[in-house]
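K.L.:
model the following, please.
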Amino acid sequence: MTSPRSLISATVDFDKEGFQTGVLMLPYSHNTSAYGRIPVPIAVLKQGEGPTVLMTGGNHGDELEGPVALMKIIQEMAAWKINGRIIVIPGLNFPAFQQGTRTSPIDNGNLNRMFPGKRNGSLTEMIAHYVDTELFPLADIILDMHAGGASFNHAPVLLAALPKNAAQHRDYIKLVNAFNAPTTMIMDLLGEDRTYGAAAERHGKLFLCGEFGGGASCNPDNLQIVESGLRRVLQASGVTKHAPVASQNETRLMKVDGAGHYLFSAGRGVFEPCFKLGDRVKQDQLAGRLYNLDAPWEPAKEHYFSGTGEIMVTRTFSHVVAGDCIAVIASPATWY
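P.N.:
Purely as a prediction, here's the structure:
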């Protein structure tokens, strides 16, 4: 028995030839709009035969390099000649994107921790369900662009992991090399399987993600990395052939290897870091000091790194509580 289709509807026809812009109509019934809908902008270009590439940003609303790159691409797509189909959604969790917040201001939903979602759930769960049941089945290649958001500064990295299907490895590495980020990082999310990427991989799709900056800003250098990388992936997949974008140096491969590559706060207070983004650190090296707000005369609690590697992620907020992630490190890796 098949499950009911999503309650979200689209004003675009995914099977229609040519360029279309429209919206996904997200049902939102509330006190001042009983039959309301939230329109989520979407663009589609379909021409001839070829793969379908789904490109999204705004999974978190305070991560902006991806959405800006995708909005720039949308403004050019009508003039493109392609082989296949391109689907672009710059602000996937649109309520969060409108407000510039990580999570939805309506239901506090973190879209990237809600897959596979629920047809009859909260607004954010409904978005996840629509992506999982309607968009992922259409796509051959899926790209979801992130950044560190307000709480993190993130070195510009493409996040990658070889598909479980060995037959896809060659095509996957081709796309990774085409994107050509300064660093490609194999990320260990410590068992987290509710993400967009985990859902895409369950569908057996070629999936690439990335983190390109932070502080809820749009960094011009990182924007260029995202924009050029997306264009090169479209070229490498055979969807586009125009305006080749030159690659830079070969991407280096790094890996976040387990909990030892994370630094978490051991309590509440103000954290003084003894490192910065890009530093190389060693196991048992002093990472920083946590000061007690309520008893500043007490000795600060020292924190130490549990692993060796390069600092790839740093927290922007100095105020912390127990369990806040303060830094993530990575070390050199190989695919096999």
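K.L.:
now for the chain: which helix has the highest residue count?
P.N.:
Counting residues, the longest helix in the chain under DSSP state H turns out to be helix 220-236.
K.L.:
only the buried residues of that helix, if you could.
P.N.:
Neighbour-count burial for helix 220-236 flags 222-223, 225-236 (criterion: 16 or more other CB atoms under 10 Å). Every residue, glycine included, has its C-beta placed from N, CA and C.
K.L.:
and stretch 257-266, by the same measure?
P.N.:
Applying 16+ other CB under 10 Å to stretch 257-266 flags 257, 261, 262, 263, 265, 266 as buried.
K.L.:
need the residues you listed in a markdown table with pLDDT, can you?
P.N.:
Compiled in a markdown table, the buried residues of stretch 257-266 are given as follows (pLDDT from 0 to 100):
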| residue | pLDDT |
| --- | --- |
| 257 | 93 |
| 261 | 97 |
| 262 | 98 |
| 263 | 98 |
| 265 | 98 |
| 266 | 97 |
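K.L.:
count the residues that sit near the closest residue to residue 50 other than its chain neighbours.
P.N.:
Closest residue in space to residue 50, ignoring its immediate chain neighbours: residue 84 at 2.7 Å, by CB to CB, 6 or more residues apart in numbering. When neighbours are counted by other CB atoms under 10 Å, residue 84 registers 20.
K.L.:
with residue 35 instead?
P.N.:
Counted with other CB under 10 Å, the neighbours of residue 35 add up to 7.
K.L.:
measure it to residue 124 for me?
P.N.:
Relative to residue 124, residue 35 is positioned 20 Å away (CB to CB, to the nearest Å).
K.L.:
can you pull out the strands in the stretch 51-200 of the chain?
P.N.:
Using DSSP state E, counting those that start in this stretch, the strands of the stretch 51-200 of the chain run over 52-56, 84-89, 141-146, 152-159, 183-186.
K.L.:
please identify the most buried of these.
P.N.:
strand 141-146 (a mean of 26; mean count of other CB atoms under 10 Å).
K.L.:
could you identify the helix or strand that succeeds the longest helix of the chain?
P.N.:
Per DSSP states H and E, the first helix or strand lying C-terminal to helix 220-236 is strand 252-255.
K.L.:
what mean pLDDT does that next one get?
P.N.:
The pLDDT scores in strand 252-255 average 97.
K.L.:
list the neighbouring strands of that strand plus their orientation.
P.N.:
strand 183-186 (parallel), strand 325-332 (antiparallel) (DSSP bridges).
K.L.:
got the buried residues for that strand?
P.N.:
253, 254, 255.
K.L.:
okay, the first one and residue 268: tell me how far apart.
P.N.:
In this case it means residue 253. From residue 253 to residue 268 the distance is 37 Å (CB to CB).
K.L.:
what is the nearest of the buried residues of strand 252-255 to residue 189?
P.N.:
Nearest to residue 189 among these: residue 255, at 12.5 Å, using CB to CB.
K.L.:
partner residues bridging the closest one?
P.N.:
residue 186, residue 331.
K.L.:
hang on, it packs against residue 333?
P.N.:
Yes - between residue 255 and residue 333 there is a contact at 3.6 Å, judged by CB atoms under 8 Å.
K.L.:
overlap of the contact sets of the two?
P.N.:
Residues touching both residue 255 and residue 333 by CB atoms under 8 Å, 6 or more residues apart in numbering: residue 186.
K.L.:
in contact with residue 122, which residues are there?
P.N.:
107, 109.
K.L.:
can you tell me the element the nearest residue to residue 165 once chain neighbours are set aside falls in?
P.N.:
Distances taken as CB to CB, 6+ apart put residue 204 closest to residue 165, at 6.4 Å, once the chain neighbours are dropped. Under DSSP H and E, no helix or strand contains residue 204.
K.L.:
could you count how many residues lie near residue 204?
P.N.:
Residues near residue 204, counting by other CB under 10 Å: 13.
K.L.:
tell me which residues touch it, please.
P.N.:
Residue 204 makes contact with 163, 165, 168, according to CB under 8 Å, 6+ apart.
K.L.:
would you list the phi and psi of it?
P.N.:
Backbone torsions of residue 204, given as degrees, to the nearest 10, read phi 80, psi 20.
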